[in-house]
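In: what's the 3D shape of this:
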Amino acid sequence: MKNIHLLAAVLLLASTACNNTKKEESGMAKDGTQQASSSTPDSATMMKNWQAYMAPGDMHKMMASWDGNWSCTVSTWMQPGAPPIASTATAVNKMVLGGRYQASAFTGTFNGMPFEGMGTLAYDNAKKLFISTWMDNMGTGVMKMEGPWDPATKTMDLKGSMIDPSTGKEVTAHQMFTEKDANTQVMVIFAPGPGGKEYKSMEILFTRDK
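Out: Numbers count the residues shown, from 1 in each chain. As a prediction, the model looks like this:
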């Protein structure tokens, strides 16, 4: 896999170098003088940047510590002020693609119906942000969110957008994930309520299986 990434980097660099050469040629004035060139980094710098971008770091090591099987206690609020609907589920996390991403499989029940979901979690070395995707058997779309990690509170604040199936319109998506300790995590999911005001629609308590 590393060789594939390096090959992709080399191909990208070759393509970029070719494009830069064309730009330099087109940047020649009619009298033969060189016009001002763009500040494109040299090939060595580009390769170094690419290798830094693809290398798993401390955030990926932290993600790897979340691998394993988890039991989930779920509380769902269909609207603000409504009593919570309780359910249980299981989650299985596994790092993939050389420790660069984490894939999650979620199974349980919701309102008496079987529920299955799949998610991915990434830490983008360039953006310095976490990026998550989610899909489940309750829809046909993909939700994408991104946000920072706060080491002081051990909290990931993810924001993005999703489609509201009842209206067909795009709405905001917001999740907060907190690592309580090595074996306990909490995810709070917010949804737009009446008037568009955000409210807590779901809370999931993750407990690592022993």
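
In: Lys159 - how many residues pack around it?
Out: For Lys159, the count of nearby residues is 13 (other Cβ atoms under 10 Å). Using the backbone N, CA and C atoms, a C-beta is placed for each residue, glycine as well.

In: Oops, could you answer that again for Thr133 instead?
Out: 16.

In: Check whether it really touches Gly141, as I assumed.
Out: No - in this structure Thr133 lies outside contact range of Gly141 using Cβ atoms under 8 Å: 10.6 Å.

In: Identify each buried residue in stretch 91-98, please.
Out: Residues of stretch 91-98 classed as buried by neighbour count (16 or more other Cβ atoms under 10 Å): Ala91, Asn93, Met95.

In: Report the distance from that stretch to the chain centre.
Out: Distance of stretch 91-98 from the chain centroid (Cα atoms, centre = their mean, to the nearest Å) equals 13 Å.

In: Residues in contact with that stretch: which ones?
Out: The contact list for stretch 91-98 (Cβ atoms under 8 Å, 6 or more residues apart in numbering) reads 1-2, 56, 60, 63-64, 66-70, 72, 101-106, 206.

In: where does Met47 land in three-state SS?
Out: Judged by DSSP: H, G, I helix; E, B strand; the rest coil, the three-state class of Met47 is helix.

In: and it, how far is that from Tyr199?
Out: Computed as Cβ to Cβ, to the nearest Å, the Met47 to Tyr199 distance reads 48 Å.

In: Please consider this matter closed, and thank you.
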